[in-house]
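Visitor: Fold the stuff below for me.
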Amino acid sequence: MTGTEFIHRFEPATSAGSPPLLLLHGTGGDENDLLGLGRMISPGAALLSPRGRVLEHGMPRFFRRLAEGVFDEEDVRHRARELGDFVAEAREQYGIAAPVAVGFSNGANIAAALLLLRPDVLAGAILLRAMVPLSDPPKAELGNKPVLLLSGQTDPMVPASNSAKLAALLSQAGAIVTHRVLPAGHQLSQADVTLARDWIGKVEAKAA
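Guide: Residues are numbered from 1 along each chain as shown. Below you'll find the model as predicted:
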């Protein structure tokens, strides 16, 4: 596997008008993990789901970390650019519009990094249990891109101050951020699915 190739799954759209979804799994997941979630939150949307190319004790991730909650930021930047190139190539190959990222945990963090480093790649993002990916992010111009950030009130991996900082960072860059803190931990709940589905429905309505 060389260049910007990722092992991935692609499901073409079965209904018009829904933005494609870029599904980005958490640590230890793969290209199949979030397909069901994608189908639930936006039935009929095209789904593009890559597998992270970094292995941590045999578990796929989208970038390296030095310890839990401590990211290898040089690798974050490199991997975000690599993923951005993959998305651009996949758009051409499959004939799809700019996708809305749906990322969980490590996948949400690389999606946040993509927004900051390659804002042209995504039409928006649903960030599930995301953290600030870069301590010194570049000045991004997000031009009213819609972002839904769903955090867990009792998440042991993401401090409330960190998710609030991410929401502020993306807002300052020009994104339209909806941040909700749910009575949940790090794992996803039915509330995440419902909120994401309702939010993407509003995004589709505005785009129509």
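
Visitor: From now on I want contacts and neighbour counts done on CA atoms only, so please keep to that.
Guide: Fine.

Visitor: Please name every helix or strand in contact with the helix or strand that residue 77 is a member of.
Guide: For residue 77, the element it lies in under DSSP states H and E is helix 73-94. For helix 73-94, the contact count by 3 or more CA pairs under 8 Å, 6 or more residues apart in numbering; DSSP states H and E identifies helix 106-117 as packing neighbours.

Visitor: how big is the angle separating the helix it packs on from helix 73-94?
Guide: Helix 106-117 runs at 90 degrees relative to helix 73-94, counting by axes from the mean of the first three to the mean of the last three CA atoms, to 10 degrees.

Visitor: Can you tell me the SS state at residue 196?
Guide: helix (DSSP: H, G, I helix; E, B strand; the rest coil).

Visitor: Repeat that for the one 5 residues further on.
Guide: What three-state DSSP gives for residue 201 is helix.

Visitor: and residue 176, how many residues sit next to it?
Guide: Look at residue 176: counted by other CA atoms under 10 Å, it has 18 neighbours.

Visitor: could you pull out the helices for the chain?
Guide: Taking DSSP state H as the test, the helices found in the chain are 35-41, 73-94, 106-117, 160-172, 190-207.

Visitor: which one of these is the most hemmed in?
Guide: Most buried of the helices of the chain, by mean neighbour count (mean count of other CA atoms under 10 Å): helix 106-117, with a mean of 27.

Visitor: helices or strands up against that one?
Guide: Short answer (3+ CA pairs under 8 Å, 6+ apart): helix 106-117 packs on strand 21-24, helix 73-94, strand 100-104, strand 124-128.

Visitor: still on that earlier bit, select, out of the helices of the chain, the one closest to residue 178.
Guide: Evaluated with CA to CA, the helices of the chain place helix 160-172 nearest to residue 178, the distance being 8.0 Å.

Visitor: Now tell me what touches the closest one from outside.
Guide: 116, 129, 130, 131, 132, 142, 149, 151, 153, 177, 179 (CA atoms under 8 Å, 6 or more residues apart in numbering).

Visitor: Which one of the residues you listed is nearest to residue 33?
Guide: The closest of these to residue 33 turns out to be residue 129 (CA to CA; 15.9 Å).

Visitor: For that closest one, give its distance to residue 32.
Guide: For residue 129, the distance to residue 32 (CA to CA, to the nearest Å) stands at 19 Å.
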